[in-house]
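In: give me a model of this one.
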Amino acid sequence: VRSLLPERLRGPVQTDWRFIPSAALGGDAFDYQWLDDDHLAICLLDVCGHGVGSALLSISAINTLRSQTLPNTEFRDPSQVLEGLNRAFPMERQNSMFFTMWYGVYNAKKHSLIYAGGGHPPGLLVPRGVSNDGTIRQLDSEGPMIGIDDTAEFPSETVEVGSHDQLLVYSDGVFEVRKGPDGEMWTLNEFIEWFNSQPPGEESRMDALIQYTRQLQGGDEYLDDFSIVEINF
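Out: Down below sits the predicted model:
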C-alpha cells in the first residue's frame, strides 16, 4: 500500500501526508495528480472493514482514478467521478464492500476548489493565519457511501482558495480513537477543535496529531488506518 501512495509535491502547490496502517490493515488509500497545467485532483477513500480484501479494493479504486479509466467521465468534475466510481464498484460485485470518499479539484488559474464526497468526513480548508478563531471551513460530503446505490447522485460545491490556504483530507481513523483502553471514542468535533487550537509553526500539525492521539489512547497501535493528507496552496 505504501509503495502506491503518491510522491510529495513541491512547487506552487505543496503536499505532505502521514499513513499509519492499523494492525489488521484497513482500506485507506489516497492520491493527488495534476490533470493538466491548471487542475490538481485530490482524493482519499476508505473501504469498509479490514484485511487484504479491503486494501485490494481501495488500491483498485485509486488505480482507476490514477489511470483515468472511468468511461464517459470528466475527471475535473467531482460529481461525475463519484458517480462513475459508484457504477464501477457496486457492493454486490465487491463481496458486499463499499467505501467512503472525498474528491476535489483545485483550479490554479481561478484559485478555486470544486469538491464532492460520499459518506466521508469533511475536508478542512484552513485559511491563512488561522489560530483559535474558529474559521476553519468544513467541506462536507453530501453524497451516500459509494457502491450502495447505483442511481445515487453526488452534488459538488465550489469554494475560493486564498494564497497560503491549507486543505486537510483524512480518514475517520484519524479521530476515531479511544480515550484510554475503556474510554469513549474521540469525536470529529473534538478533532477539529483540537486542530484549530494548534498554532501554525515549523512543527507539522500532523505529527502533533499523531503524538496527541497516541497519548490519548495510551498506545501506538490504531484501531483503523490513520491517513491524513495536507495540501498547501
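
In: from here on, just use CA atoms for contacts and neighbour counts.
Out: Fine.

In: okay, now the unreliable bits of this protein?
Out: Counting by pLDDT under 70, the ranges of the chain that qualify are 129-134, 200-202.

In: do you know how far the residue lying closest to Asp150 once chain neighbours are set aside is from Gln94?
Out: Closest residue in space to Asp150, ignoring its immediate chain neighbours: Arg87 at 5.4 Å, by C-alpha to C-alpha, 6 or more residues apart in numbering. Distance, Arg87 to Gln94, using C-alpha to C-alpha, to the nearest Å: 12 Å.

In: higher neighbour count, the two?
Out: Between Arg87 and Gln94, counted using other C-alpha atoms under 10 Å, Arg87 has the larger neighbour count: 17 against 13.

In: count of neighbours near Leu56?
Out: That count, for Leu56 with other C-alpha under 10 Å as the rule, works out to 17.

In: hmm, I was thinking of Asn196
Out: Residues lying near Asn196 (other C-alpha under 10 Å) number 18.

In: which helices and strands does the host helix or strand of Trp17 pack with?
Out: If you go by DSSP states H and E, Trp17 is part of strand 14-20. Contacts defined by 3 or more C-alpha pairs under 8 Å, 6 or more residues apart in numbering; DSSP states H and E place strand 14-20 against strand 226-232.

In: adjacent strands (with direction) for the strand it packs on?
Out: Neighbouring strands of strand 226-232 in its sheet, by DSSP bridges, are strand 14-20 (antiparallel), strand 166-170 (antiparallel).

In: following the last one, which helix or strand shows up next?
Out: Same thing as strand 166-170. helix 188-197.

In: please state the offset of the helix or strand that that following helix is followed by from the chain centre?
Out: Downstream of helix 188-197, the first helix or strand assigned by DSSP H and E is helix 205-217. On the basis of C-alpha atoms, centre = their mean, to the nearest Å, helix 205-217 sits 18 Å off its chain's mean C-alpha point.

In: give me the residues contacting helix 205-217.
Out: 17-18, 175, 177-181, 195, 198, 220-221, 228 (C-alpha atoms under 8 Å, 6 or more residues apart in numbering).

In: just flag the most distant two among those residues.
Out: Maximum pairwise distance among the contacts of helix 205-217 (C-alpha to C-alpha): 27.2 Å, between Trp17 and Pro181.

In: name the residue in the two with the higher neighbour count.
Out: Comparing Trp17 with Pro181 by other C-alpha under 10 Å, the one with more neighbours is Trp17, at 19 against 11.

In: what residues are up against that one?
Out: Taking C-alpha under 8 Å, 6+ apart, one finds Arg8, Met206, Ser227, Ile228, Val229, Glu230 in contact with Trp17.

In: in the sheet, who's paired with it?
Out: When bridges are called by DSSP bridges, Trp17 pairs up with Val229.

In: right, I'll call it a day here.
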